[in-house]
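S.K.: Just to be clear, the model below is a prediction. Sequence and coordinates:
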Amino acid sequence: MMPEEKTKAKIKKSRYGPYTEEVIKHFRNPNNMGEIEDADSVAKVGSPICGDELWVYLKIDKNENNEFYIKDIKFQSFGCAAAVATGSMITELAKGKTLKEALKITRHNVNGALGGLPKIKVHCSLLSTDALYEAIYKFYKKQGIEIPPELEEIHKKIEKGTAIARIKQESGEDYC
Ligand code: FES
């Protein structure tokens, strides 16, 4: 579950300086942006680095194998260009996947699919995967499904990170 990939995505040079063509494409025309009104699970995460936020909405159903899968997914971002692009990409990668498969999507997968992010923006991609993991966590909780230990661990870290971001916002500090 959620293996750390050792290989880093090679950033392809583009006319947009530090951003790849793929990042700019998803930033300008994000896929699946918005809300799902009757979502089965909704999660919001905040970045402890910059205070930006990303929401993920999931519509979940069962497939022919009686496994829960992501029938629909949308995101909203209150963040930078990289946050919008990674939010868009996570919806592409997760849509149609079973929840177990979706939990295997890493930020390296997201960054790789975008052709890489500048080093200073890598933290932005965490929002997309954390929001997805958290939405799945909340769904499992709601359904009374046993939470895998790795997901419980991630949930604790996300909660801590979100709290830090909120504290920073309330204190009015400048960051990013
Ligand atoms: S998400 Fe905050 S700087 Fe990118």
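M.R.: Happy to help now that I have it. Residues are numbered from 1 along each chain as shown.
S.K.: would you list every one of the strands in the chain?
M.R.: Secondary structure of the chain by DSSP state E: the strands cover 41-46, 53-62, 68-78.
S.K.: Dump these to a markdown table, plus distance to the ligand and mean pLDDT.
M.R.: Yep, even glycine has a C-beta here, placed from its N, CA and C like the rest. A markdown table is the format used below for those (distance: least, C-beta to the nearest ligand atom, whole Å; pLDDT from 0 to 100):
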| stretch | distance to the ligand | mean pLDDT |
| --- | --- | --- |
| strand 41-46 | 9 | 95 |
| strand 53-62 | 7 | 97 |
| strand 68-78 | 8 | 97 |
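S.K.: what sits against Phe30?
M.R.: Actually, residue 30 is Pro rather than Phe. For Pro30, the contact set (C-beta atoms under 8 Å, 6 or more residues apart in numbering) comprises 75, 77, 84-85, 87-88.
S.K.: okay, which residue is most central for this protein?
M.R.: Ser128 (1.4 Å; C-alpha atoms, centre = their mean).
S.K.: The strands of the chain: which one's closest to Thr162?
M.R.: Among those, strand 41-46 comes nearest to Thr162, with 4.7 Å by C-beta to C-beta.
S.K.: now the strands of the chain in TSV, with mean neighbour count?
M.R.: Output for the strands of the chain, formatted as TSV (neighbours: other C-beta atoms under 10 Å):
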stretch	mean neighbour count
strand 41-46	21
strand 53-62	21
strand 68-78	21
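S.K.: Sweet, I'm off.
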